[in-house]
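**Student:** Quick one: sequence plus predicted model below, questions after.
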Amino acid sequence: MSWRALILTCYLVFDWFGLSHAAEPVVLDVRTEPTGGVKATATIFLPAPVSVVQAILTDYMHWPELFELQMKLADVTIQNGVATTDIRIEHMLLPGERRLVTESRVLPNGDLVADLKTGDFKRYHRRWTLTAADGGAQTRADFELVVEIDSVLPDRLIAFATRRDLKSHFRILREKALARALELQSGR
(Lines give C-alpha, C1' and ligand atoms only; values in the text may rest on other atoms or scores of the structure.)
Protein backbone atom coordinates (compact mmCIF):
# COMPACT_ATOMS: atom_id res chain seq x y z
CA MET A 1 0.00 0.00 0.00
CA SER A 2 1.45 3.37 -0.95
CA TRP A 3 1.90 6.08 1.70
CA ARG A 4 -0.81 8.20 0.03
CA ALA A 5 -3.29 5.34 0.17
CA LEU A 6 -2.36 4.75 3.81
CA ILE A 7 -2.91 8.44 4.67
CA LEU A 8 -6.24 8.46 2.85
CA THR A 9 -7.31 5.26 4.61
CA CYS A 10 -6.39 6.72 8.02
CA TYR A 11 -8.26 9.91 7.22
CA LEU A 12 -11.36 7.98 6.18
CA VAL A 13 -11.20 5.82 9.34
CA PHE A 14 -10.83 8.92 11.53
CA ASP A 15 -13.63 10.57 9.59
CA TRP A 16 -15.89 7.52 9.97
CA PHE A 17 -15.45 7.45 13.75
CA GLY A 18 -15.64 11.25 14.06
CA LEU A 19 -12.10 11.58 15.43
CA SER A 20 -10.75 14.23 13.09
CA HIS A 21 -11.40 17.98 13.16
CA ALA A 22 -12.80 17.72 9.65
CA ALA A 23 -15.24 14.89 10.42
CA GLU A 24 -18.29 17.14 10.76
CA PRO A 25 -18.97 20.83 10.73
CA VAL A 26 -18.19 22.31 14.12
CA VAL A 27 -21.40 24.26 13.72
CA LEU A 28 -24.15 23.76 11.18
CA ASP A 29 -27.21 25.83 11.85
CA VAL A 30 -30.02 25.94 9.31
CA ARG A 31 -33.17 27.86 10.15
CA THR A 32 -36.03 29.62 8.47
CA GLU A 33 -35.93 33.41 8.27
CA PRO A 34 -38.84 35.44 9.66
CA THR A 35 -39.03 37.39 6.38
CA GLY A 36 -38.99 34.19 4.29
CA GLY A 37 -36.30 31.87 3.07
CA VAL A 38 -33.57 29.99 4.89
CA LYS A 39 -30.31 31.00 6.54
CA ALA A 40 -27.51 28.50 7.05
CA THR A 41 -24.24 29.05 8.89
CA ALA A 42 -21.41 26.60 9.41
CA THR A 43 -17.84 26.37 10.58
CA ILE A 44 -15.86 23.48 9.18
CA PHE A 45 -12.22 22.49 9.18
CA LEU A 46 -10.77 21.39 5.86
CA PRO A 47 -7.56 19.32 5.61
CA ALA A 48 -5.73 21.67 3.24
CA PRO A 49 -4.17 25.15 3.20
CA VAL A 50 -6.34 28.20 2.50
CA SER A 51 -4.90 28.58 -1.02
CA VAL A 52 -6.05 25.06 -1.95
CA VAL A 53 -9.56 25.56 -0.56
CA GLN A 54 -9.88 28.94 -2.26
CA ALA A 55 -8.77 27.42 -5.58
CA ILE A 56 -11.43 24.70 -5.30
CA LEU A 57 -14.19 27.17 -4.41
CA THR A 58 -13.30 29.54 -7.26
CA ASP A 59 -12.97 26.82 -9.93
CA TYR A 60 -16.39 27.70 -11.31
CA MET A 61 -16.13 25.38 -14.32
CA HIS A 62 -16.06 22.43 -11.91
CA TRP A 63 -18.46 23.79 -9.30
CA PRO A 64 -21.21 21.20 -9.96
CA GLU A 65 -18.76 18.49 -8.85
CA LEU A 66 -18.97 19.87 -5.29
CA PHE A 67 -22.61 18.78 -4.95
CA GLU A 68 -24.54 15.51 -5.00
CA LEU A 69 -27.71 17.06 -6.38
CA GLN A 70 -28.19 17.36 -10.12
CA MET A 71 -26.53 20.57 -11.21
CA LYS A 72 -25.12 21.68 -14.53
CA LEU A 73 -23.23 24.77 -15.54
CA ALA A 74 -24.99 26.50 -18.43
CA ASP A 75 -22.53 29.40 -18.66
CA VAL A 76 -19.68 31.11 -16.83
CA THR A 77 -18.01 34.41 -17.62
CA ILE A 78 -15.30 36.19 -15.70
CA GLN A 79 -14.79 39.93 -16.15
CA ASN A 80 -12.96 42.37 -13.89
CA GLY A 81 -12.70 39.80 -11.09
CA VAL A 82 -16.42 38.99 -11.11
CA ALA A 83 -17.52 35.49 -12.13
CA THR A 84 -21.08 35.27 -13.41
CA THR A 85 -22.33 31.69 -13.29
CA ASP A 86 -25.56 30.40 -14.78
CA ILE A 87 -26.37 27.10 -13.06
CA ARG A 88 -29.34 24.78 -13.61
CA ILE A 89 -30.38 22.77 -10.56
CA GLU A 90 -32.68 19.77 -10.37
CA HIS A 91 -33.86 18.87 -6.89
CA MET A 92 -36.13 16.02 -5.87
CA LEU A 93 -38.36 18.47 -3.92
CA LEU A 94 -38.95 20.75 -6.89
CA PRO A 95 -40.40 19.85 -10.28
CA GLY A 96 -38.23 20.63 -13.28
CA GLU A 97 -35.05 22.61 -13.08
CA ARG A 98 -34.30 25.85 -11.29
CA ARG A 99 -32.05 28.53 -12.73
CA LEU A 100 -29.56 30.30 -10.46
CA VAL A 101 -27.43 33.09 -11.88
CA THR A 102 -24.94 34.56 -9.41
CA GLU A 103 -22.07 37.00 -9.40
CA SER A 104 -19.11 35.77 -7.37
CA ARG A 105 -16.03 37.70 -6.29
CA VAL A 106 -13.09 37.50 -3.94
CA LEU A 107 -13.18 40.47 -1.57
CA PRO A 108 -9.96 42.31 -0.60
CA ASN A 109 -10.00 40.53 2.79
CA GLY A 110 -10.09 37.15 0.98
CA ASP A 111 -13.76 36.34 1.61
CA LEU A 112 -15.55 34.62 -1.26
CA VAL A 113 -18.99 36.16 -1.86
CA ALA A 114 -21.75 35.27 -4.30
CA ASP A 115 -24.99 37.18 -4.80
CA LEU A 116 -28.11 36.57 -6.85
CA LYS A 117 -28.25 38.21 -10.25
CA THR A 118 -31.35 36.51 -11.69
CA GLY A 119 -33.15 33.17 -11.93
CA ASP A 120 -35.76 31.17 -10.03
CA PHE A 121 -34.73 32.45 -6.61
CA LYS A 122 -35.97 35.44 -4.64
CA ARG A 123 -32.76 35.74 -2.61
CA TYR A 124 -29.33 34.13 -2.70
CA HIS A 125 -26.25 35.25 -0.81
CA ARG A 126 -23.25 33.04 0.01
CA ARG A 127 -20.07 33.94 1.90
CA TRP A 128 -17.00 31.87 2.71
CA THR A 129 -14.43 33.25 5.15
CA LEU A 130 -11.26 31.14 5.03
CA THR A 131 -8.68 31.27 7.83
CA ALA A 132 -5.47 29.28 8.24
CA ALA A 133 -5.61 26.73 11.06
CA ASP A 134 -3.18 24.17 12.50
CA GLY A 135 -0.14 26.16 11.40
CA GLY A 136 -1.55 26.57 7.89
CA ALA A 137 -2.02 22.85 7.23
CA GLN A 138 -5.80 23.17 7.58
CA THR A 139 -8.40 25.78 6.79
CA ARG A 140 -11.13 26.99 9.06
CA ALA A 141 -14.03 27.83 6.77
CA ASP A 142 -16.88 29.96 8.06
CA PHE A 143 -19.86 29.67 5.75
CA GLU A 144 -23.06 31.67 5.44
CA LEU A 145 -25.92 31.13 3.03
CA VAL A 146 -29.21 33.01 2.74
CA VAL A 147 -31.52 31.53 0.14
CA GLU A 148 -35.15 31.91 -0.82
CA ILE A 149 -36.47 29.86 -3.71
CA ASP A 150 -39.42 31.06 -5.78
CA SER A 151 -41.60 28.10 -4.78
CA VAL A 152 -44.76 27.20 -2.89
CA LEU A 153 -42.86 24.73 -0.68
CA PRO A 154 -42.79 25.67 3.00
CA ASP A 155 -39.51 27.16 4.20
CA ARG A 156 -39.15 24.47 6.89
CA LEU A 157 -39.01 21.82 4.15
CA ILE A 158 -36.44 23.89 2.24
CA ALA A 159 -34.43 24.20 5.49
CA PHE A 160 -34.48 20.41 5.96
CA ALA A 161 -33.27 19.83 2.39
CA THR A 162 -30.66 22.60 2.71
CA ARG A 163 -29.19 20.95 5.82
CA ARG A 164 -28.90 17.60 4.04
CA ASP A 165 -27.46 19.15 0.86
CA LEU A 166 -24.90 21.22 2.81
CA LYS A 167 -23.69 18.20 4.79
CA SER A 168 -22.99 16.39 1.54
CA HIS A 169 -21.44 19.54 -0.02
CA PHE A 170 -19.06 19.93 2.93
CA ARG A 171 -18.12 16.22 2.77
CA ILE A 172 -17.30 16.48 -0.95
CA LEU A 173 -15.36 19.71 -0.38
CA ARG A 174 -13.34 17.99 2.40
CA GLU A 175 -12.56 15.05 0.11
CA LYS A 176 -11.42 17.30 -2.75
CA ALA A 177 -9.34 19.47 -0.39
CA LEU A 178 -7.62 16.39 1.03
CA ALA A 179 -6.92 14.97 -2.43
CA ARG A 180 -5.39 18.27 -3.61
CA ALA A 181 -3.33 18.62 -0.43
CA LEU A 182 -1.95 15.10 -0.95
CA GLU A 183 -1.13 15.95 -4.57
CA LEU A 184 0.79 19.04 -3.41
CA GLN A 185 2.70 17.01 -0.82
CA SER A 186 3.67 14.40 -3.38
CA GLY A 187 4.95 17.13 -5.74
CA ARG A 188 2.50 16.60 -8.61
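**Tutor:** Yes, it's here.
**Student:** Make sure residue 128 is indeed in a strand.
**Tutor:** Yes. Counting by DSSP: H, G, I helix; E, B strand; the rest coil, one finds residue 128 located in a strand.
**Student:** quick one: it and residue 140 touch, right?
**Tutor:** No. Counting by Cβ atoms under 8 Å, residue 128 sits too far from residue 140 to count as a contact (10.8 Å). Every C-beta, even on glycine, is put in place using the N, C-alpha and C of the backbone.
**Student:** When those two are compared, which one has more neighbours?
**Tutor:** residue 128 (22 against 18; other Cβ atoms under 10 Å).
**Student:** beta partners of that one?
**Tutor:** Note on residue 128: beta-bridge partners by DSSP bridges are residue 112, residue 143.
**Student:** what about residue 96, distance to residue 120?
**Tutor:** 9 Å (Cβ to Cβ, to the nearest Å).
**Student:** More neighbours: which of the two?
**Tutor:** Set side by side, residue 96 and residue 120 show more neighbours around residue 120, with 16 against 9, by other Cβ under 10 Å.
**Student:** what's near enough to touch that one?
**Tutor:** Residue 120 makes contact with 98, 99, 100, 149, 150, according to Cβ atoms under 8 Å, 6 or more residues apart in numbering.
**Student:** Just the pLDDT at residue 152, thanks.
**Tutor:** With respect to pLDDT, residue 152 scores 88.
**Student:** Dihedrals phi and psi, it?
**Tutor:** phi -90, psi 0 (degrees, to the nearest 10).
**Student:** So what's the residue count around it?
**Tutor:** Neighbour tally, residue 152, other Cβ under 10 Å: 6.
**Student:** what's the distance between it and residue 73?
**Tutor:** 27 Å.
**Student:** And for residue 99?
**Tutor:** In this structure, residue 99 and residue 73 are 12 Å apart, going by Cβ to Cβ.
**Student:** Overlap in contacts, the two.
**Tutor:** 86, 87.
**Student:** what about the strands in this protein?
**Tutor:** 27-32, 38-46, 70-79, 82-90, 97-106, 112-119, 121-133, 138-149 (DSSP state E).
**Student:** partner strands of the shortest one, parallel or antiparallel?
**Tutor:** This means strand 27-32. Per DSSP bridges, strand 27-32 is paired in its sheet with strand 38-46 (antiparallel).
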